[in-house]
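# here's my sequence, what's the structure:
(one chain, ligands or ions: 1)
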Amino acid sequence: MSSDKICNAPHPTIKESIGFIGGGNMAKAICSGIINKGMAQYSQIYVSSPHIENLGWWIQNGATASIENVKILEKAQIIFLSVKPHILPLAVASMLKTLPANFTEPRLFVSILAGVTLDQLSKTLRPVGDNVRLIRVMPNTPVMVGEGCAALCAGNGATAHDVKTITSIFSVSGICKEVPESMINSIGALSGSGPAFIYLVIEALADAGVKQGIPRAMAIEMAAQTTLGAAKMVLSTDKHTAVLRDEVCSPGGTTICGVHELESGGVRAAMFNAVEAAAKKSALLGQQQQPK
Ligand SMILES: NC(=O)c1ccc[n+]([C@@H]2O[C@H](COP(=O)([O-])OP(=O)(O)OC[C@H]3O[C@@H](n4cnc5c(N)ncnc54)[C@H](OP(=O)(O)O)[C@@H]3O)[C@@H](O)[C@H]2O)c1
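Residues are numbered from 1 along each chain as shown. Next comes the predicted model:
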């Protein structure tokens, strides 16, 4: 396995209370990773969203749930911002409305919002006080099955301990790299959106198998397992992908005929365009978040 993978290292215990503003898919996935690896207990977890009926998973597991975002600010030392990007100003405004005037507690905010920059986060959260530390993370949904790919960058006030804590949270469910912020939108396009691109490839490979007469369920299972196997080959060997491909392509054989068709169909160019389009959209989402 890649030397960057630190999933097998002992998982540090998180002593701080942990909050989630927004309790949807990504928040649940991140929380599950933390709990399943024994880094924290549900008694340390706080979550808020406007609809308490949507927080059943959290409540059943023993987290403290609320419809008031300010409760998370009051109770949690590490706060994940896990709402949709366009909701952020609303979520913060509702939090500030009932924030006690004398609130000075130090808080680490961890944003997973696509496109929203550290500068924008800093401006949006300024009314919370001077004790706000910031980290921006770009995770992806395979964090739900322990195979996530995340990148983070530290913002205002974030300490080495903060970076280490958040890196370990995302590393227990995959890999996590610290990168400059200028790379985050591109990484969001590659690994944040990437699972959707790969699902499409798996579906296409399976469809092609079905056309050849393979039953649908078997074709999907085989296409997915082939993708998993190929990914493991890339991660567990030091071989370049071109070398691995060459090893499958016998001269004058069957696979090279298929590779020729993929090249003729513009698979590479389509992937370039897909990642570029996603990165542009991410930058646009950020611009739409410019604090007034
Ligand atoms: N999904 C991905 O692949 C992915 C990858 C990387 C980053 N992200 C980022 O992760 C973030 C969350 O995505 P998601 O897929 O987890 O979304 P989601 O499942 O729709 O969850 C959003 C959550 O925000 C809550 N919410 C809505 N308005 C709120 C408010 N005013 N205050 C507090 N909470 C509020 C929703 O509550 P209700 O259900 O009650 O409305 C819901 O619990 C997004 O910013 C996205 O950019 C997602």
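# can you list the residues of this structure near the ligand?
21-27, 48-51, 54, 69, 82-85, 87, 90-91, 94, 112-114, 138-141, 192 (Cβ under 6 Å from any ligand atom). C-betas here are computed from N, CA, C, even on glycine.
# restricted to strands, list those.
Per DSSP state E, strands hold the following members of the residues of the chain next to the ligand: 21, 48, 138.
# of those residues, just the buried ones, ChimeraX syntax please.
Filtering these down to the buried ones (16 or more other Cβ atoms under 10 Å) takes a single ChimeraX command:
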select :21,48,138
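# next up, the contacts around residue 57.
23, 28 (Cβ atoms under 8 Å, 6 or more residues apart in numbering).
# if we can go back for a sec, now restrict the residues of the chain next to the ligand to buried residues only.
Neighbour counting with 16+ other Cβ under 10 Å marks 21-23, 26-27, 48-49, 69, 82-83, 85, 87, 91, 94, 112-114, 138-140, 192 as buried within the residues of the chain next to the ligand.
# middle-most residue in the protein, spatially?
Geometric centre of the chain, nearest residue: residue 139, 1.4 Å, by Cα atoms, centre = their mean.
# quick check on it: phi, psi?
Backbone torsions for residue 139, taken as degrees, to the nearest 10, come to phi -90, psi -180.
# nearest spatial neighbour of it, chain-adjacent residues omitted?
The spatial neighbour of residue 139 that comes closest, neighbours along the chain excluded (Cβ to Cβ, 6 or more residues apart in numbering), is residue 150 at 4.4 Å.
# do the same with residue 222
residue 209 (6.7 Å).
# what's around residue 249, how many residues?
Using other Cβ atoms under 10 Å, residue 249 is surrounded by 15 other residues.
# what's residue 180 in contact with, if anything?
By Cβ under 8 Å, 6+ apart, the residues touching residue 180 are residue 153.
# about what we covered before: next one: the residue nearest to the centre of the chain from residue 170, what distance?
Separation of residue 139 from residue 170 (Cβ to Cβ, to the nearest Å): 6 Å.
# run through the neighbouring helices and strands of the helix or strand hosting residue 228.
Here residue 228 sits within helix 216-236, counting by DSSP states H and E. Secondary-structure packing of helix 216-236 (3 or more Cβ pairs under 8 Å, 6 or more residues apart in numbering; DSSP states H and E): helix 194-211, helix 241-248.
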